[in-house]
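Visitor: sequence and predicted structure are below.
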Amino acid sequence: MSRIIIILLSVVAVNACTLFPPQERGSMPVELPEDYSLYIEGTIPPDKWWESFGSLELNRMVETALSNNFDLRSAWQRMKQAEAALGKSHSNLWPTVNYDAGAEKQWIQTRTSKDGGRINTDTENWAAGLSAAYEVDLWGRLKAQRKAEGFAFQASREDLHTAKVTVTATIVETWLDILATRRQIAITEDQIRTNTTLLELQEFRFLNGKATALDVSQQRQALASARSELPLLELSERQLMNSLAFLLGQSSRTGIDINGYELPEIIPLPEAGLPADLIAARPDVRAAGLRLKSADWTVSASRADRLPDITLSARSAFSSGKLDLLFDNWVNTLAAGITGPLFDGGRRSYEVERTRAVAEERLTDYARTVANAIKEVENSLASETYQQTYIQRLSEQKDAAQMTLKNARTQYINGQSDYLSYLAAWTSIQNLERKLVAENAGLIKNRVTLYRTLGGNWIESPEDPVSPQVKKQNETPGA
């Protein structure tokens, strides 16, 4: 027995070794450009960039959403599941200790040979025991599983951070859409009032023989067209408010009050940095990289699972016919066992192939996530350039339309042109006013998108639910 103990202690001494280390992945799975194709000089973005709008109601809504949003609450619980899975994998490295206890009483009837009577006798038995078992992680299978769960837990935290970034940007964009829609409603209502006044004027001119019936009917058509725009805008505002309530974790818009009716000033342009910065700045990129590491360690665990397992076990048993003498009779047992696959139909080999395929899939996912992050930043930078140019061209078009309106009005009053030319110029200005509001809102929303695509570390909040024990286990999962 002493020799067995010495051998087993030697086995435990090399337990920290990992026979199947994960595959080394030295280079990025996708080529990174040295710089973005468009360079826009900006400032260092603030941590909570949405506060740059200077809106207290927006700040309150973002804070509410970060606490109550349905997707964030689900992501939080998924992270808690991953945290529990990590703790469970860590517990496999420790021995298991069980106890058992029981009592038994028997009644025995014995017939006597003399008179055929029966004699009743009873016996009691008390028993208790302790047992322990420990799997020697000789090949590093359990350690590899723990590291895989550690990286999976970190990835779930990054998923939570990604959800925070997405929810925050969506809240801001919805708020901007509401303000833009309200501004369009105000413009449309003003246009309805103007068209109503013009219709009254045309009817008066018709009664005095200075306008034709066609002029009156054309103005009525313009008024009807302006009125028809209003219900759709009011519907859009209501739907946006319902969407905002949902983002805030509510089932109705009750209690949500947005006082603004004008678009805010655009927030400062953030510094884009380099494409390589996205690897550290974007939580979705970090999550994809962590899942790749988790998959690599899962491959190590599946390879080690093809080798024999060594288990140490110990048991102390106590039994007696009397309770007060229970611990006077005891037996101790120490055992060691080895089990290994002799024939499993190739199940373990197929599992190795499966985990390797999963790791390659995670590698592709990581490359795709990095490439998509660069694409999103490139698109946002391009939108910054071309959207501003487009708005400038629309403003020039509006100025030209106002000049056309002025000339058309003069010619109509002087009888040099019909009313249709004047009405077409006026309708063009009305459409351009609403379009400029939408495009200016799009420019501000694109700035929000740029902040989202660049990532950041503001989502690293100290309130993330990580227990001290799991945090200690997860500090150096790759070591």
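Guide: That came in fine, so what should we check first? All of these numbers come straight from a predicted model, not from anything done at the bench. Numbering: from 1, shown residues only.
Visitor: doesn't Pro21 fall inside a strand?
Guide: No - applying DSSP: H, G, I helix; E, B strand; the rest coil, one finds Pro21 to be coil, outside a strand.
Visitor: which residues does the residue lying closest to it once chain neighbours are set aside contact?
Guide: Nearest-residue entry for Pro21: Ser300, 6.6 Å, with adjacent residues in sequence omitted and distances by C-beta to C-beta, 6 or more residues apart in numbering. Every residue, glycine included, has its C-beta placed from N, CA and C. Contact analysis of Ser300 by C-beta atoms under 8 Å, 6 or more residues apart in numbering lists 18, 20-22, 140-141, 144.
Visitor: now do 6 Å
Guide: Residues near Ser300 by C-beta atoms under 6 Å, 6 or more residues apart in numbering: 20, 22, 144.
Visitor: and Gly42, backbone torsions?
Guide: Here the main-chain torsion angles of Gly42 (degrees, to the nearest 10) amount to phi -140, psi -170.
Visitor: I'd say it and Glu271 touch.
Guide: Yes - using C-beta atoms under 6 Å, Gly42 makes contact with Glu271 at a distance of 4.4 Å.
Visitor: higher neighbour count, those two?
Guide: The neighbour count for Gly42 versus Glu271, taken as other C-beta atoms under 10 Å, is higher for Gly42 (17 against 13).
Visitor: about what we covered before: looking at the contacts of Ser300, which is nearest Arg183?
Guide: Distance to Arg183 across those (C-beta to C-beta) is lowest for Pro22, with 55.6 Å.
Visitor: distance check, that closest one against Phe53.
Guide: Per C-beta to C-beta, to the nearest Å, Pro22 is found 45 Å from Phe53.
Visitor: try Gly415
Guide: 52 Å.
Visitor: do Leu312 as well
Guide: 64 Å.
Visitor: residues in contact with the residue nearest the centre of the chain?
Guide: Computing the C-alpha centroid of the chain and ranking residues by C-alpha atoms, centre = their mean puts Ala163 first, at 2.9 Å. Taking C-beta under 6 Å, 6+ apart, we find Ala163 in contact with 71-72, 75.
Visitor: how about Met61?
Guide: Ile171.
Visitor: could you check the pLDDT of it?
Guide: Note on Met61: pLDDT of 94.
Visitor: ok, now Lys210?
Guide: 84.
Visitor: can you classify it by secondary structure?
Guide: Here Lys210 is recorded as coil under three-state DSSP.
Visitor: what about it, how many residues close to it?
Guide: 12.
Visitor: where does pLDDT dip in this protein?
Guide: Applying pLDDT under 70 to the chain flags residues 1-18, 102-128, 317-332, 458-479.
Visitor: okay, domains of it per the record?
Guide: 17-93+139-306+348-473, 95-136+308-340 (automatic domain parsing).
Visitor: buried deepest among those domains, which one?
Guide: With neighbours defined as mean count of other C-beta atoms under 10 Å, the domains of the chain peak in mean count at domain 17-93+139-306+348-473, which reaches a mean of 17.
Visitor: centre of the chain to that one, how far?
Guide: 14 Å (C-alpha atoms, centre = their mean, to the nearest Å).
Visitor: for Gly346, phi and psi?
Guide: Per degrees, to the nearest 10, the backbone of Gly346 is at phi 80, psi 10.
Visitor: next: Gly415.
Guide: According to degrees, to the nearest 10, Gly415 has phi 80, psi 20.
Visitor: in contact with Ala276, which residues?
Guide: Applying C-beta under 6 Å, 6+ apart, the residues near Ala276 are Leu32.
Visitor: before we move on, which element is the closest residue to Leu263 other than its chain neighbours in?
Guide: The shortest distance from Leu263 to any non-neighbouring residue, by C-beta to C-beta, 6+ apart, is to Leu179 (5.4 Å). For Leu179, the element it lies in under DSSP states H and E is helix 141-207.
Visitor: from the contacts of Ser300, pick the one nearest Ala304.
Guide: For those, the nearest to Ala304 is Phe20 (5.4 Å; C-beta to C-beta).
Visitor: and the gap between the closest one and Pro45?
Guide: 43 Å.
Visitor: now do Leu207
Guide: 63 Å.
Visitor: how about Glu203?
Guide: From Glu203 to Pro45 the distance is 57 Å (C-beta to C-beta).
Visitor: so Val285 makes contact with Thr369?
Guide: Yes - shown here, Val285 and Thr369 form a contact pair, counting by C-beta under 6 Å, at 5.4 Å.
Visitor: still on that earlier bit, check which helix or strand covers the residue nearest to Pro21.
Guide: Per DSSP H and E: helix 283-304 holds Ser300.
Visitor: now do that helix and helix 141-207, the angle between them.
Guide: Interaxial angle of helix 283-304 relative to helix 141-207 (axes from the mean of the first three to the mean of the last three C-alpha atoms, to 10 degrees): 150 degrees.
Visitor: how about the CA coordinates for helix 283-304, as PDB?
Guide: In PDB, the C-alpha atoms belonging to helix 283-304 read as follows (Å, rounded to 0.1, in the frame of the first residue of the first chain):
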ATOM      1  CA  PRO A 283     -16.400  44.100 -27.400                       C
ATOM      2  CA  ASP A 284     -17.900  41.900 -30.200                       C
ATOM      3  CA  VAL A 285     -14.300  41.400 -31.600                       C
ATOM      4  CA  ARG A 286     -13.000  40.500 -28.200                       C
ATOM      5  CA  ALA A 287     -15.900  38.100 -27.700                       C
ATOM      6  CA  ALA A 288     -15.100  36.300 -31.000                       C
ATOM      7  CA  GLY A 289     -11.400  36.000 -30.100                       C
ATOM      8  CA  LEU A 290     -12.300  34.600 -26.700                       C
ATOM      9  CA  ARG A 291     -14.600  32.000 -28.200                       C
ATOM     10  CA  LEU A 292     -11.800  30.900 -30.500                       C
ATOM     11  CA  LYS A 293      -9.500  30.400 -27.500                       C
ATOM     12  CA  SER A 294     -12.300  28.500 -25.700                       C
ATOM     13  CA  ALA A 295     -12.800  26.200 -28.700                       C
ATOM     14  CA  ASP A 296      -9.000  25.600 -28.900                       C
ATOM     15  CA  TRP A 297      -8.900  24.500 -25.200                       C
ATOM     16  CA  THR A 298     -12.000  22.300 -25.800                       C
ATOM     17  CA  VAL A 299     -10.000  20.500 -28.500                       C
ATOM     18  CA  SER A 300      -7.200  19.900 -25.900                       C
ATOM     19  CA  ALA A 301      -9.800  18.400 -23.500                       C
ATOM     20  CA  SER A 302     -11.300  16.100 -26.100                       C
ATOM     21  CA  ARG A 303      -7.800  14.900 -27.100                       C
ATOM     22  CA  ALA A 304      -6.900  14.100 -23.400                       C
END
